[in-house]
Every structure is written in structure tokens, then in C-alpha cells.
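In: need the 3D shape of this:
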Amino acid sequence: VQLVESGGGSVQAGGSLRLSCAASGNTYTMAWFRQAPGKEREGVAAIDSDGRASYADSVKGRFTISKETAKNILYLQMNNLQPEDTAMYYCAAAPVAGQILHRVEVVTSLGFWGQGTQVTVS
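Out: Alright, predicted model coming up:
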């Protein structure tokens with residue numbers, strides 16, 4: 001499985017960005033994670049194979065995860081971005097049941113990571 005992210009960039013606080021992740025192969029459950037300098041990687045939003053979404057409390061109401069199944073593309077629409085959203089954002093996929101929002105170790109051991117795309121909010 002290969003995951004290729006795009007759509008990152010620099011925006012002012014209150015702005016919006018949409019991240020995309022083009023996936024090859026069977027991806028099962030997918031998610032977006034982020035990692036800021038000096039911090040651990042954290043789950044942002046996840047979507048399972050049945051299309052059920054889950055979000056970190058810090059992004060609820062601002063971020064929306066979706067998947068275009070026919071093209072195997074995962075999206076993350078980010079609105080009302082704040083400086084604390086600044087991080088490298090990673091697409092993830094894992095051949096497991098359920099959500100992987102809080103399961104970095106599962107992705108690392110069983111799944112796949114994209115190369116990351118930088119989001120900077122000033």
C-alpha cells in the first residue's frame with residue numbers, strides 16, 4: 001500500500017485547507033494523524049471501512065474526514081485553522097477492524113504511513 005498526501009500549506013488563523021491522500025491497494029480503515037515538533041504523533045480524524053468517522057476533541061466541529069471510495073482518496077477538510085493546528089499531517093491506513101484514531105502503534109506495526117504534508121497556521 002502506498003499513501004501520497006497533498007494539500008498542505010501556510011494559512012492565516014481562521015483559514016481553511018483540504019488535505020488529500022491518494023491510496024493504492026486495499027486500505028481498510030484510514031485516518032489522519034499529525035505531529036508537531038517535540039510532540040508525539042496524535043490522531044486527528046479516522047474513518048473505518050463502514051464509513052464511520054471519529055475525531056479528536058481538539059478538531060471536532062472544525063475538521064471533516066471523508067473518503068472517495070471509487071478513487072480510493074481520503075480527504076481532510078480543515079476549517080477555522082488555529083496556530084495550534086500547525087504540524088506535519090500524515091495519512092495512515094491499516095488492515096484492522098474498527099477505528100485507528102488512537103492507535104499509532106497499530107499503524108506502525110501493521111499498517112502504512114504516508115510521507116506527510118506540512119500545515120502551518122500563523
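In: so what's Thr64 bridging to?
Out: Beta-bridge partners recorded for Thr64 (DSSP bridges): Gln77.
In: er, Val11 actually
Out: Under the criterion used (DSSP bridges), Val11 bridges to Val121.
In: who touches it in this structure?
Out: Contacts were defined as C-beta atoms under 8 Å, 6 or more residues apart in numbering; by that measure Val11 touches 17, 81, 119-122. Glycine gets a C-beta too; all of them are placed from N, C-alpha and C.
In: could you check how far the residue positioned nearest the centre of the chain is from Leu17?
Out: Ranked by distance to the mean C-alpha position of the chain (C-alpha atoms, centre = their mean), the top residue is Trp32 at 1.5 Å. Remark: distance between Trp32 and Leu17 (C-beta to C-beta, to the nearest Å) = 12 Å.
In: swap in Arg62?
Out: Using C-beta to C-beta, we find Arg62 at a distance of 11 Å from Leu17.
In: how about Ser6?
Out: As judged by C-beta to C-beta, Ser6 and Leu17 stand 11 Å apart.
In: more neighbours: which of the two?
Out: Legend: neighbour count by other C-beta atoms under 10 Å for Ser6 and Leu17, higher for Leu17 (20 against 14).
In: show me what contacts the more buried one?
Out: With contact taken as C-beta under 8 Å, 6+ apart, Leu17 is in contact with 7-9, 11, 78, 81, 119.
In: are any of the contacts of Val11 buried, and which?
Out: Neighbour counting over the contacts of Val11 (16 or more other C-beta atoms under 10 Å) leaves 17, 81, 119, 121 as the buried ones.
In: mind checking which helix or strand the third one is in?
Out: Applying DSSP states H and E as the criterion places Val119 in strand 117-121.
In: which elements pack onto that strand?
Out: Of the remaining helices and strands, those touching strand 117-121 by 3 or more C-beta pairs under 8 Å, 6 or more residues apart in numbering; DSSP states H and E are strand 9-11, strand 17-24, strand 87-94.
In: adding distance to Ala70 and mean pLDDT, write those strands out as CSV.
Out: What follows is those, written out as CSV (distance: least, C-beta to C-beta, whole Å; pLDDT from 0 to 100):
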stretch, distance to Ala70, mean pLDDT
strand 9-11, 26, 97
strand 17-24, 12, 96
strand 87-94, 17, 96
